[in-house]
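J.: Turn this into a model:
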Amino acid sequence: SSIFIWWVAAASHHGTAGADRPSRNPLLGVLAQRDPRSVIGADQYASLVALFAYRDEVWGAVARVMAIQSGRCRAAGRSRWQLVVRLQRKPTLIRRRCFRSLCAVVAVWPLMVSAQTVAPLHGTIGGGGAGGTGSVIGEAVVQVVRTTYPGSGLTYAPSSIASSLIAMLTGKVEYSVAAAGEMKDAISGAPPFRQSYPAENLSIVGNLLHPAAMVAVVYARREFVEDHGLTSLRDLRDLRAPVRLSTNTFGNVPTARHNRILFDVIGIDEALIEQRGGKDYHLPDTAGLGLLQDSKLDLIVTLGFHPDHRAVQAARAVPLVLLPFGDGVPDEMAKRLGTPVGVIPAGSYDFLEEDYEGSTMGGLFLAAGPKAEDDDTYRLARALYLGMERLKQVHRSFSTMEQDLLVETGGLPMHPAAARFYREVGLLPQQ
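T.: As a prediction, this is how the structure comes out:
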């Protein structure tokens, strides 16, 4: 009965079929959603983790015993089948030893597999700066992993998105949170990346965001908008007065890429703004909204979740509006970016009385670099799958995420270990 319980617990891991072939056990996909601690009990948890740490030594001992028995069988001039027949006739010493070896194989293997399912997961996830979208998502993933695998030392390291991607691609950290566009820019060597990076160093563990969850907006001081009669961002083409704005940092690759395309669509550029006495300060959103709150900026163009608590706080100090992009601009942006048009519902902010349309970034992905281990990546994909409901509780923008969206890759390759897990639970077709 104990061995049966261990085998049921092992089925919840279902990761022993190998990286190149799916499991043949039809029960494994069903049991994949089970936490093994709910089957084996919390009292076995610590011993399982300890056993898994010595899995190589255990397998070595079992292999040596089996090799000894096989050698004795050959020395006696018997085949393995003859040995089995002989063992059925009388209880000899070799029979007892072979039986013990068989028991070791049957009992120890599922123990080690179950331990793999609950063992702590360690590593680093890089991403955007503290308080930003990438930080919110990265910290959410860390929380889910620590809940799924107690004792995990997985951490989130905030930085610029470009720097985090470079660190992952060069093997300094295991994972990074990034958008498909910026990862493709890193592979091709497009700005702000100064060189191209090997495509084989990058693969996707899972999509973390609904394509329309992050919507572009223009936060503007109401006084500035009314004084200059602005009806949309496109009116900046004809505005002769200086404008002080921020379009986030160059290191925030998805936002920088988005705004570069946006300015091309509406027909302005940074040189024109400076020619008229204005300036784009390229500040992080937290700093930019702080200056907007102090009336030291006029506009902020950015991508983000809504409502943004920083904008809500700024609006308490200075009246704000969401300035529309202009007729047809969101649709044109959707065509160029290959992403859907997003809508911020009326009432999301106290100063938003009508639905607001803006372009979107598409999905945001957890990517793996060359330093990521296959087993860790498999278990990370499992944690995302099991922790979807926890992710939805982190921020309201996660509420539209579903498990089947995890396998969206934005045209980039899926990590083989993650793909193996998604095949086992039915999110990807069997090979």
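J.: Name the helix or strand for Tyr349, please.
T.: Taking DSSP states H and E as the definition, one finds Tyr349 inside no helix or strand.
J.: ok, now which ones touch it?
T.: Applying Cβ atoms under 8 Å, 6 or more residues apart in numbering to Tyr349 gives the contacts His306, Pro307, Ala311, Val312, Ala315, Leu320, Leu322. All C-beta atoms are positioned from the backbone trio N, CA, C, and that covers glycine.
J.: Number of residues surrounding the last one?
T.: What that stands for is Leu322. Leu322: 20 surrounding residues under other Cβ atoms under 10 Å.
J.: How about Gly326?
T.: 18.
J.: cool, Val173 as well?
T.: For Val173, using other Cβ under 10 Å, the count is 23.
J.: Distance-wise, check it relative to Ala372.
T.: 9 Å (Cβ to Cβ, to the nearest Å).
J.: which intervals of the protein have sub-threshold pLDDT?
T.: 1-118, 131-132, 395-397 (pLDDT under 70).
J.: Give me the most central residue, it.
T.: In the chain, the residue lying closest to the centroid (Cα atoms, centre = their mean) is Leu366, at 2.7 Å.
J.: Identify the bridge partners of it.
T.: Val177, Gly206 (DSSP bridges).
J.: hang on, it packs against Ala383?
T.: No - assessed by Cβ atoms under 8 Å, Leu366 is found out of contact with Ala383, at 10.4 Å.
J.: Return every residue with contacts to both of those two.
T.: Val141.
J.: To which secondary structure element type does the residue nearest to Asp404 when sequence neighbours are not counted belong?
T.: Spatial nearest neighbour of Asp404, chain neighbours left out: Leu427 (5.9 Å); criterion: Cβ to Cβ, 6 or more residues apart in numbering. Following DSSP: H, G, I helix; E, B strand; the rest coil, Leu427 is assigned to coil.
J.: which residues touch Leu427?
T.: Here Leu427 is in contact with Tyr385, Gln403, Asp404, Leu406, Val407 (Cβ under 8 Å, 6+ apart).
J.: for it, phi and psi?
T.: The phi/psi pair for Leu427 (degrees, to the nearest 10) reads phi -80, psi -20.
J.: any idea how far it is from Ala241?
T.: Counting by Cβ to Cβ, the gap from Leu427 to Ala241 is 53 Å.
J.: how about the helices in the stretch 251-400 of the chain?
T.: Ranges of helices in the stretch 251-400 of the chain, per DSSP state H, counting those that start in this stretch, are 253-266, 270-275, 285-293, 309-317, 329-337, 374-386, 388-394.
J.: Ok, which of those helices comes nearest Asn207?
T.: helix 374-386 (9.1 Å; Cβ to Cβ).
J.: list the helices and strands the closest one packs on?
T.: helix 93-118, helix 133-148, strand 203-207, strand 364-368, helix 416-424 (3 or more Cβ pairs under 8 Å, 6 or more residues apart in numbering; DSSP states H and E).
J.: Cool, thanks, signing off.
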